[in-house]
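Student: Mind folding the following:
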Amino acid sequence: MNKFNNYNFHYSLTGNKNQPTLLFLHGFTGSIQDFSSVIPLLSNSYYCLAVDLPGHGKTRVTGDESCYNMSTTAQALIELLEDLQIDKCLLLGYSMGGRLALYMALHFPERFEKVVLESASPGLKTEKERSHRLEADLQLAQKLENSNIKDFLLNWYDRPLFKSLKNSPNFDKLIETRLANNPLELAKSLRNMGTGNQPSLWGKLAQNQIPLLLLAGEYDDKFTTINTEIAKLCPAGFREIVPKVGHNIHFENIDNFVALVRQFYG
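Tutor: Numbers count the residues shown, from 1 in each chain. Presented below is the predicted three-dimensional model:
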């Protein structure tokens, strides 16, 4: 645990601290457990830091709901890195964690060497799109607060985006780890860190000089399209379509995922 400035961060550090540090940021409804299978395969080469994001896992927020938004969370994570005496590191984010990772890379470029974005987006382009999405996010947050969390999770993963994930033999195990989250805290995250409340990052992509690995699954049409657009705008972006997987690449094909990450980071 690390407590300062309205955050009591829960995190894990695995590996040799003399190796390059690799910061992992999980997706919505996840936790550091999301990478429990990935980290053992990478910790011989990297000092792996996984953090429970606000509203998730064992991290506790003592401030108001603004502490759950993207800009405040990003600043808090930079302060955590400083507290751990990590000046510069590698960065890997999945889905919501990928959106946060991209925000951090664009706003704190001096802190990151290379960034892997797994099924991530720079946000929505227009105010109208963000307004519509925010309304949907608020409705979902209300469902979280008023319904059984297992029912919510099963509905959440019933979307076409997760079709191939649901077919995984380990899907039930994934649901079990997510049941450890507090639905009231998840609702705060969704209201504040959801795509509807995220500032658009599209206009900043051309300025980026940090190498980005843009991963999307073959079955994930939405994010393969988004990654194509990012790569056109961002000369430092390298697009990779991972075969026979959907949105959650590291869960659906861990070996392929780890190989791509290793190859990119070097």
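Student: neighbouring contacts of the longest helix along the chain?
Tutor: Among the segments of the chain that qualify as a helix by DSSP state H, the longest is helix 127-146. With C-beta atoms under 8 Å, 6 or more residues apart in numbering as the test, helix 127-146 has contacts from 123-124, 152, 183-184, 186-188, 190-191, 194-198, 200. (Each C-beta comes from the backbone N, C-alpha and C, glycine too.)
Student: which of these lies closest to Leu25?
Tutor: Gln198 (13.9 Å; C-beta to C-beta).
Student: Tell me which residues touch the closest residue in space to that closest one that isn't next to it in sequence, please.
Tutor: Using C-beta to C-beta, 6 or more residues apart in numbering and skipping residues adjacent in sequence, the residue nearest Gln198 is Gly123, 4.3 Å away. Neighbouring residues of Gly123 by C-beta under 8 Å, 6+ apart: Arg99, Arg130, Thr195, Gln198, Pro199, Ser200, Leu201, Trp202.
Student: Need the phi and psi values for Gly123.
Tutor: phi 100, psi -170 (degrees, to the nearest 10).
Student: now do Gln19
Tutor: Here is the backbone geometry of Gln19 (degrees, to the nearest 10): phi -90, psi 160.
Student: just Leu92 next, same as before
Tutor: Per degrees, to the nearest 10, the backbone of Leu92 is at phi -140, psi 120.
Student: so it bridges to which residues?
Tutor: Beta-bridge partners for Leu92, by DSSP bridges, are Phe24, Val116.
Student: circling back to that earlier point, drop anything exposed from the contacts of helix 127-146.
Tutor: 123-124, 152, 183, 186-188, 190-191, 194-198 (16 or more other C-beta atoms under 10 Å).
Student: Could you report the distance from Trp158 to Asp151?
Tutor: Trp isn't right for residue 158; it's Asp. 11 Å (C-beta to C-beta, to the nearest Å).
Student: whoops, Glu135 was the one
Tutor: Using C-beta to C-beta, we find Glu135 at a distance of 22 Å from Asp151.
Student: Also Asn16?
Tutor: Counting by C-beta to C-beta, the gap from Asn16 to Asp151 is 43 Å.
Student: before we move on, the earlier item: just the contacts of Gly123: which are in helices?
Tutor: Among the contacts of Gly123, the members found in helices (DSSP H) are Arg99, Arg130.
Student: In JSON lines: the contacts of Gly123, plus pLDDT and distance to Ile32.
Tutor: Formatted as JSON lines, the contacts of Gly123 follow (pLDDT from 0 to 100; distance: C-beta to C-beta, whole Å):
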{"residue": "Arg99", "pLDDT": "98", "distance to Ile32": "18"}
{"residue": "Arg130", "pLDDT": "97", "distance to Ile32": "29"}
{"residue": "Thr195", "pLDDT": "97", "distance to Ile32": "22"}
{"residue": "Gln198", "pLDDT": "96", "distance to Ile32": "22"}
{"residue": "Pro199", "pLDDT": "93", "distance to Ile32": "26"}
{"residue": "Ser200", "pLDDT": "97", "distance to Ile32": "28"}
{"residue": "Leu201", "pLDDT": "98", "distance to Ile32": "25"}
{"residue": "Trp202", "pLDDT": "98", "distance to Ile32": "30"}
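Student: Let's have the contacts of Gly123 in JSON lines, adding distance to Asp87.
Tutor: Below are the contacts of Gly123 laid out as JSON lines (distance: C-beta to C-beta, whole Å):
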{"residue": "Arg99", "distance to Asp87": "24"}
{"residue": "Arg130", "distance to Asp87": "34"}
{"residue": "Thr195", "distance to Asp87": "31"}
{"residue": "Gln198", "distance to Asp87": "27"}
{"residue": "Pro199", "distance to Asp87": "26"}
{"residue": "Ser200", "distance to Asp87": "29"}
{"residue": "Leu201", "distance to Asp87": "24"}
{"residue": "Trp202", "distance to Asp87": "29"}
